[in-house]
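Novice: Task: produce atomic coordinates for the following.
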Amino acid sequence: MPLILSILEVLDPDVNPCKMYGLQLNPHITIAVEFIKSLWVYFMYPTWTNLVAMLYCLICRGCSKQISLLRAEIEKFHLQEFTITKQMTFRKREARIADVVSLIQKTFYGPSFLISVVNFGICITTIGWLLVPTELLLTSVGIVKILLYSANSICSLVCVLWMAGGLPAEAEKLKTEFRKKVRQRWIMTKNVNEDGFSKDLTEESDYVLSGCDIIYFRRSSVLALAGTILTYTILLMNSR
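Specialist: Numbers count the residues shown, from 1 in each chain. Next comes the predicted model:
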C-alpha cells in the first residue's frame, strides 16, 4: 500500500511543485525526492499501524482458538470422568490462557487505543472530504487516495474490534459449557463439594481487552462504530 500511495503522490500534478518549496529542480530529481519522501511518510502510516494491528489481531485470534479448543475438549468429556481433578486441570489451562490475555492487554494497552483513534479519525476525515467539496476532489488521483485511506481505516478498525472482541465471546462460551458440565455431574453424583468448586472456577475474567480503558473491544462495538459514522455522515449532509 505505501508503494501505491507514493506512486499516486508522484502522479498528482497539483502536489509536486508546492512540496519542492518553489525550487526549480530537474523533473527526474523532483519525482525521485517526492517518491522517497512519500514512501517514508506512508510507511509510518498506514503501513506501520497496519503491522501492529495485524500482530494484535493474530495474537487475539490465537488465544480465541485456544479457548475454543478447551471448550470443545470439556464438551466431549464424559460426566463420570469429569472429576474435581480433571476440573482442576482445565482450570490450570484456562489460567495460563488468562495470563497470556493479561500480557496482551499490558503490551497493547496504549498502541491499540492510538491505532483505533487514528483510524477512526481517518474515517471521519475521508467522509468530510467526500461530502465537502475541496481541491483534492478535483483530481482522479485524489479520489483514489481517499478511497484507499477509507478502505484501509475501516478494515483495520473492524478487524481489531472483531478479533479482540472474539476473546470475551469465546470465554463466555467456555464458562457456559463448564457450568453445564459441572451441573450435570453434580446432579448425577450429588456431591456438594463439586458444586462449590464449580462456583469458584466460574469467577474468572471476562477477557475484554481495552485501549487505555477508554475503548473496549467487543464485537458489538462494530455496530456502534457503524452507527457513529452514519450519524456523522447524516449531520454533514444536512449541514451542506
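Novice: how much space is there between Phe113 and Val160?
Specialist: Applying Cβ to Cβ, to the nearest Å, one obtains 11 Å for the distance of Phe113 from Val160. All C-beta spots, glycine's among them, are computed from the backbone N, C-alpha and C.
Novice: Looking at these two, which one has more neighbours?
Specialist: The neighbour count for Phe113 versus Val160, taken as other Cβ atoms under 10 Å, is higher for Val160 (26 against 16).
Novice: Please name the nearest non-neighbouring residue to the spatially most central residue of the chain.
Specialist: Note on the chain: the residue nearest the mean C-alpha position is Val160, at 0.8 Å, using Cα atoms, centre = their mean. Excluding the flanking residues, the one nearest Val160 by Cβ to Cβ, 6 or more residues apart in numbering is Ala53, at 5.5 Å.
Novice: does the one you found really touch Cys159, like I thought?
Specialist: Yes: with contact defined as Cβ atoms under 8 Å, Ala53 reaches Cys159; the gap is 6.7 Å.
Novice: When those two are compared, which one has more neighbours?
Specialist: With neighbours defined as other Cβ under 10 Å, Ala53 and Cys159 compare such that Ala53 has more, 23 against 17.
Novice: In three-state terms, how would that one be classified?
Specialist: Taken by DSSP: H, G, I helix; E, B strand; the rest coil, the conformation at Ala53 corresponds to helix.
Novice: mind checking pLDDT for it?
Specialist: Predicted confidence (pLDDT) for Ala53: 95.
Novice: For Thr233, grab the count of nearby residues.
Specialist: When neighbours are defined as other Cβ under 10 Å, Thr233 has 15 of them.
Novice: List the contacts of it.
Specialist: Ile127, Leu131 (Cβ atoms under 8 Å, 6 or more residues apart in numbering).
Novice: Count the neighbours of the nearest residue to Ser64 once chain neighbours are set aside for me.
Specialist: Nearest-residue entry for Ser64: Gly166, 4.3 Å, with adjacent residues in sequence omitted and distances by Cβ to Cβ, 6+ apart. Using other Cβ under 10 Å, the number of residues around Gly166 comes to 22.
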